[in-house]
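A.B. asks: 3D, please:
(4 chains)
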Number of protein chains: 2
Amino acid sequence: MARTQPTPSLRPTIRDVAAQAGVSVSSVSRVLNREPHISPELHARIMRVVDRLGFEPDSAAQALRSRASNTIGCMVSDISNPLYSEMVNAAEEELQRAGYVLMLGATRHAEERETAFISAVRRRRMDGLLLFAGDNTHRDFTSALATLDLPCVGIDREVPGAPSVRADHRGGGFEVTRYLIGLGHRRIALLTGPAAVLPSTERVAGYRQAHIEAGLDVDLDLVRPQVHGSGIAFSDVCQLLQGPAPPTAIITLGTHMLASVMDALASNGIRYPSDISLVCIGDTDLARHATPAISTLTWDLSEIGRIAAKTLLERVRDGDQVQDTRPIYLPTRFILRHSCAEPRAK
Amino acid sequence: MARTQPTPSLRPTIRDVAAQAGVSVSSVSRVLNREPHISPELHARIMRVVDRLGFEPDSAAQALRSRASNTIGCMVSDISNPLYSEMVNAAEEELQRAGYVLMLGATRHAEERETAFISAVRRRRMDGLLLFAGDNTHRDFTSALATLDLPCVGIDREVPGAPSVRADHRGGGFEVTRYLIGLGHRRIALLTGPAAVLPSTERVAGYRQAHIEAGLDVDLDLVRPQVHGSGIAFSDVCQLLQGPAPPTAIITLGTHMLASVMDALASNGIRYPSDISLVCIGDTDLARHATPAISTLTWDLSEIGRIAAKTLLERVRDGDQVQDTRPIYLPTRFILRHSCAEPRAK
DNA sequence: GCTGTTCTTGGAAACGTTTCCATAATTGAG
DNA sequence: CTCAATTATGGAAACGTTTCCAAGAACAGC
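C.D. replies: Next up is the predicted model:
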């Protein structure tokens, strides 16, 4: 006969399990953690009680004692951006499969939110950190990150001492620009994200490279890094179109920005591809179904998320070994549709 | 002189702070938790040491002792769906502001992932739970949820004993259907989500109501609940169009589905609004910029997320008081564009 | 001036695990 | 057959907080 219940109707603890099974607490712990040197009988007896009581070990106690929380932090500037949400989605699936829970921190491009998240990561003893694209000029954040000493993986972002998974934005920017130059364009506007965020930096680099290889100068006035939040692209495009030397082609981001660009074209009475050529970065329903359909640079977002999660999990598991931190690149793919043409003769 | 450092270079604990400040551990704890009855001198002395050492309390220990983790669970079927990611984004902002961290669980419509997440919520002692739209026929999940005894808020979902925040999908479905009936349509197809998910259930109810008020019968073959994942809409639309009595109007979901519908129309050589009328639910770039632009039923996703988070936080804070669990409804808004017309005369 | 509150602080016992150490029983080598 | 190594279990000390309890100091009422 077991003694009278010490816990009236609360959640059972490992001690309850041990008592009911007539074994020691440490044995229960060992069984639950699949340690070796356990007799089959003991295992069976304990598991029976565990199932009967519906025992679930308390993560706080586990984290406190074993210094691992089975938790992965995920820092992203804006989860409502489909580009990010698709990567996060894939990463989360991978982490979930491995028994980890994802802690989301949306920073909205604010450095104080970034450092606050780092603090949360430390206090909660998270086991690893997924760092999505963000402003690389945030010094406070960078130094806070450096003190963390935790397995990290950057996604479209460079992280000192950690590997990163990235789309080949430079190559993509190069390919698109070269294509437009090949059509005869000489004034190509590039509307991309903030300059200090890796994908934009790389994209601009590819854009320049294509110009250089063609022996053309780059007019930096045509490169328009966009601040966050849509709507800004609209005025930028208007300004460009109404300026003294308007562009004959535009490369723009697909999410949150293509729509504004199309609005701007429409309100200036300009048609693509006849008046101007248009390429967008990041495939969207709109790019596919606009009339005419818009040529797009695309890449596999889910794959990036998956690879990042897997890479991080590897590092979390065998953390001691120093591993290589070379970035992993995924290719971009240029989808030709009907939004580009040779520039009009003057 | 302080005694020699007990912790070589690890993170300082509350004990280190107490020792360095020459006070008791409980005093430090009280200062950090802003308890009353503390002399200003003690407060100042302790805070100085806290700042100097960069002490950050360990959440695992706090959670273990105080049974609160400052963590909110967020269960959503698919975070890559823009409908959800926008709501999650707004909710996360609200929670972050209040000092909570969001734990994301993407269930991908699988009941075992739902119950697994409930288990994680319990084990991690999360303080509250945000439950997004999901299949309400999952009995195991429902009973697991019932045993949880935790502040919850449903979002576009009914949760027994908890309040919910919802868009008025029934009213929206009614309005759109009535509008199409008013134009003269008698065969209106409705492509919506799985029938067991609240927004679809409500939408169909509104659709029926509009028919009833107009004295029309509902042909249930025209109501096509879509399984998850895009592409299914395509074959459904083709089947409808090629059937004996094709619809003269289609109401479809905007995200992940409108594009397939447009493809299906195109490949059947059918144009809107001349051949068929089209309304989409959930405003998207595509609906706005398609030619012709597509009339849309929309509502404020961010507001739903914010209200849900605030409601949950209220419940978390003063949990004892029994509060009312009446659902909070947000209105939908019908945006008239150019995708609908009177049906062709036979 | 005495007594009963209210402030202010310290000491120590939880919270629920994991893990170190000890010990008994079993196995294997020579 | 003996001794060392291995296997299987139990006991108890952590992990880093919060919170209960106690107690001394200050303060008010009479």
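A.B. asks: got the residues of chain A near DNA strand D?
C.D. replies: Contact residues (CB under 7 Å from any atom of the strand) of chain A with DNA strand D: A:22-27, A:30, A:36-39, A:41-42, A:61, A:64-65. (Each C-beta comes from the backbone N, C-alpha and C, glycine too.)
A.B. asks: Got a quick PyMOL command for the buried subset of these?
C.D. replies: Restricted to buried positions by 16 or more other CB atoms under 10 Å in any protein chain shown, the PyMOL selection for the residues of chain A next to DNA strand D reads:
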select buried, chain A and resi 23+27+30+61+64
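A.B. asks: just the residues of chain A next to DNA strand D that are near chain B?
C.D. replies: A:61, A:64 (CB under 8 Å from any CB of the partner chain).
A.B. asks: Go through the residues of chain A next to DNA strand D and say which is closest to residue B:151.
C.D. replies: For the residues of chain A next to DNA strand D, the closest approach to residue B:151 (CB to CB) belongs to residue A:61, at 22.5 Å.
A.B. asks: In this structure that closest one contacts residue B:64, no?
C.D. replies: Yes. Between residue A:61 and residue B:64 there is a contact at 5.3 Å, judged by CB atoms under 8 Å.
A.B. asks: quick one: secondary structure of residue A:251?
C.D. replies: strand (DSSP: H, G, I helix; E, B strand; the rest coil).
A.B. asks: isn't it right up against residue A:180?
C.D. replies: Yes. Residue A:251 lies in contact with residue A:180 (CB under 8 Å); the separation is 7.5 Å.
A.B. asks: okay, now whichever residue of the stretch 101-250 of chain A sits closest to DNA strand C: neighbour count?
C.D. replies: Among all residues of the stretch 101-250 of chain A, residue A:125 sits closest to DNA strand C, at 12.6 Å; criterion: CB to the nearest atom of the strand. Residues within reach of residue A:125, counting by other CB atoms under 10 Å in any protein chain shown, total 20.
A.B. asks: Also residue A:178?
C.D. replies: 18.
A.B. asks: quick one: what helix or strand has it in it?
C.D. replies: helix A:169-183 (DSSP states H and E).
A.B. asks: tilt between that helix and strand A:249-253?
C.D. replies: 160 degrees (axes from the mean of the first three to the mean of the last three CA atoms, to 10 degrees).
A.B. asks: in the stretch 101-250 of chain A, which spans are strands?
C.D. replies: A:101-106, A:128-132, A:152-155, A:164-167, A:188-192, A:223-225, A:249-253 (DSSP state E, counting those that start in this stretch).
A.B. asks: looking at those, which has the lowest confidence?
C.D. replies: Ranked by mean pLDDT, the strands of the stretch 101-250 of chain A bottom out at strand A:223-225, which scores a mean of 90.
A.B. asks: partners of that one in the sheet?
C.D. replies: Strand pairing for strand A:223-225, determined by DSSP bridges: strand A:188-192 (parallel).
A.B. asks: where does the residue of the stretch 51-200 of chain A found nearest DNA strand D land in three-state SS?
C.D. replies: Relative to DNA strand D, the nearest point of the stretch 51-200 of chain A is residue A:65 (3.5 Å; CB to the nearest atom of the strand). What three-state DSSP gives for residue A:65 is helix.
A.B. asks: For it, give its distance to DNA strand C.
C.D. replies: Distance of residue A:65 to DNA strand C, computed by CB to the nearest atom of the strand, to the nearest Å: 3 Å.
A.B. asks: mind listing the helices for chain A?
C.D. replies: Applying DSSP state H to chain A gives helices spanning A:14-21, A:25-32, A:40-53, A:59-66, A:82-97, A:111-123, A:139-146, A:169-183, A:198-213, A:232-242, A:258-267, A:285-289, A:301-317.
A.B. asks: Quick one: residues in contact with the second one.
C.D. replies: In this case it means helix A:25-32. A:14-15, A:17-18, A:21, A:38, A:42-43, A:46-47, A:50, A:57 (CB atoms under 8 Å, 6 or more residues apart in numbering or on different chains).
A.B. asks: Let me see the mean pLDDT of it.
C.D. replies: pLDDT averaged over helix A:25-32 gives 96.
A.B. asks: Return the angle between stretch directions for that helix and helix A:40-53.
C.D. replies: Using the same axes, to 10 degrees: helix A:25-32 against helix A:40-53 is 90 degrees.
A.B. asks: Same check on the fifth one?
C.D. replies: Computed with the same axes, to 10 degrees, the direction of helix A:82-97 lies at 130 degrees from that of helix A:40-53.
A.B. asks: got the buried residues for helix A:82-97?
C.D. replies: Within helix A:82-97, the residues that qualify as buried are A:82-96, counting by 16+ other CB under 10 Å.
A.B. asks: same thing with the longest one?
C.D. replies: Across helix A:301-317, burial judged by 16+ other CB under 10 Å covers A:301, A:304-316.
A.B. asks: For that helix, what is the distance to the chain centroid?
C.D. replies: Mean-position distance between helix A:301-317 and its chain equals 11 Å (CA atoms, centre = their mean, to the nearest Å).
A.B. asks: Next: stretch A:143-161.
C.D. replies: With CA atoms, centre = their mean, you get 14 Å for stretch A:143-161.
A.B. asks: so what's the most centrally placed residue in chain A up against?
C.D. replies: Geometric centre of chain A, nearest residue: residue A:132, 4.1 Å, by CA atoms, centre = their mean. Each residue near residue A:132 by CB under 8 Å, 6+ apart is listed here: A:74-77, A:84, A:87-88, A:155-157.
A.B. asks: Buried by neighbour count, from those: which ones?
C.D. replies: A:74-77, A:84, A:87-88, A:155-157.
A.B. asks: got a list of what residue A:137 touches?
C.D. replies: residue A:196.
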